[in-house]
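Asks: Let me see the structure of the following:
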Amino acid sequence: MIDVQNQRDYRKIPIHKVGIKNLRYPITVRDRQKAFQQTVATINMFVDLPHKYKGTHMSRFVEMLHALKPEVSLKGFSTLLVEMKKHLNAASAHIEITFPYFIEKRAPVSGAPGLMDYTCRMLGSSDPENRTDLVLEVFVPITSVCPCSKEISDCGAHNQRGEVRLAARFHKFIWIEDMIELVEGCASCDVFSVLKRVDEKHVTEKAYSSPKFVEDIVRDVAQKLMENRDIRWFEVSAENFESIHNHSAYAYITSDQTIPPYPASSVLPAK
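Replies: Reported below is the predicted structural model:
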């Protein structure tokens, strides 16, 4: 049969990314407590296409996933990127995997267990010089109490649920759990799936005793990341879904900016 994709294209315009998007596929993720966790990901896969070719072979992307049964890890990503370039005759390859990651989390006082799900993303690319780039990203729900509201109110203070997005490149392997726990430790309080009355009292009082603006949250996260020698680049943003406004509050920091160094005093455990 005629291979239409391999026919010549005469417009002389290369394509930087061509491939498939929004493919749902089962994957394996490394789990700090249980070694591995099975989940379902939404996957985007792309390669470059030289100007002389009419198209790429879309079916090969799915075939490679089926053959490799990907594990979301540095080694697994590197292997998949190499195979994409090899089987599609490409100079560069890109993959984006978004998946829910589940952690059993116990209520702070009663100890009642519940599963928390966190949206995670892993972005990988391989350039024509075979240099691999890997970014791990987590989206962490948090609670914050407004410092201004607490200061000016005779009783109470407005609070809201928010979301922190943390993306990082790293020198050594870092658990997803480590990134999530770092973020949760910088909020007014973390979020739970199961709370009894004693737990609700605890988290309400804990949040009230630690009011945070979105600016405070991103600065606290950034400071901890800068103290961690395993992190070589990061982006962190915080968005509060305001309870007394019809808009969100937002703050963002990237290590690409000029940030004064902090002494290395507190680091994530090396793995």
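Asks: Wait, residue 146 touches residue 211, no?
Replies: Yes - between residue 146 and residue 211 there is a contact under Cβ atoms under 8 Å: 6.3 Å. The C-beta positions use only the backbone N, C-alpha and C, and glycine is treated the same way.
Asks: quick one, helices of this structure?
Replies: 58-68, 74-87, 147-152, 176-184, 197-208, 214-226 (DSSP state H).
Asks: hmm, back to that, overlap in contacts of residue 146 and residue 211?
Replies: Shared contacts of residue 146 and residue 211 (Cβ atoms under 8 Å, 6 or more residues apart in numbering): residue 157.
Asks: So for the two, which residue has more residues nearby?
Replies: Under the neighbour definition other Cβ atoms under 10 Å, residue 146 and residue 211 were set side by side, and residue 146 has more, 23 against 18.
Asks: Can you list phi and psi of the residue lying closest to that one once chain neighbours are set aside for me?
Replies: If the residues on either side of it in the chain are set aside, residue 146 comes closest to residue 158, at 5.3 Å by Cβ to Cβ, 6 or more residues apart in numbering. In terms of degrees, to the nearest 10, the main-chain angles of residue 158 are phi -80, psi 140.
Asks: Kindly report the same for residue 14.
Replies: Per degrees, to the nearest 10, the backbone of residue 14 is at phi -70, psi 160.
Asks: what's across from the residue nearest the centre of the chain in the sheet?
Replies: Centroid-nearest residue in the chain, with Cα atoms, centre = their mean: residue 137, separated by 1.7 Å. Counting by DSSP bridges, residue 137 forms beta bridges with residue 121, residue 167.
Asks: Now do the contacts for it.
Replies: 120-123, 165-168.
Asks: So what's the residue count around residue 209?
Replies: For residue 209, using other Cβ under 10 Å, the count is 11.
Asks: okay, it: pLDDT?
Replies: Looking at residue 209, its pLDDT is 96.
Asks: returning to that earlier point: got the helices of the chain as CSV, with distance to residue 26 and mean neighbour count columns?
Replies: As requested, those are exported to CSV (distance: least, Cβ to Cβ, whole Å; neighbours: other Cβ atoms under 10 Å):
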stretch, distance to residue 26, mean neighbour count
helix 58-68, 10, 14
helix 74-87, 14, 17
helix 147-152, 44, 12
helix 176-184, 18, 21
helix 197-208, 34, 15
helix 214-226, 31, 20
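Asks: could you dump these to CSV with distance to residue 40?
Replies: Formatted as CSV, the helices of the chain follow (distance: least, Cβ to Cβ, whole Å):
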stretch, distance to residue 40
helix 58-68, 13
helix 74-87, 16
helix 147-152, 40
helix 176-184, 16
helix 197-208, 30
helix 214-226, 28
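Asks: Which one of those lies nearest to residue 21?
Replies: Residue 21 sits nearest to helix 58-68 of all the helices of the chain, at 10.2 Å, using Cβ to Cβ.
Asks: So what's the gap between that closest one and the chain middle?
Replies: 24 Å (Cα atoms, centre = their mean, to the nearest Å).
Asks: and the strand of greatest length in the chain, what does it pack onto?
Replies: Criterion DSSP state E: the longest strand present in the chain is strand 15-31. Applying 3 or more Cβ pairs under 8 Å, 6 or more residues apart in numbering; DSSP states H and E, we find strand 15-31 packed against strand 35-49, helix 58-68, strand 71-72, strand 93-106.
Asks: So what touches that strand?
Replies: Here strand 15-31 has contacts from 36-49, 55-56, 58, 61-62, 65, 69-73, 94, 97, 99, 101, 120, 175-176, using Cβ under 8 Å, 6+ apart.
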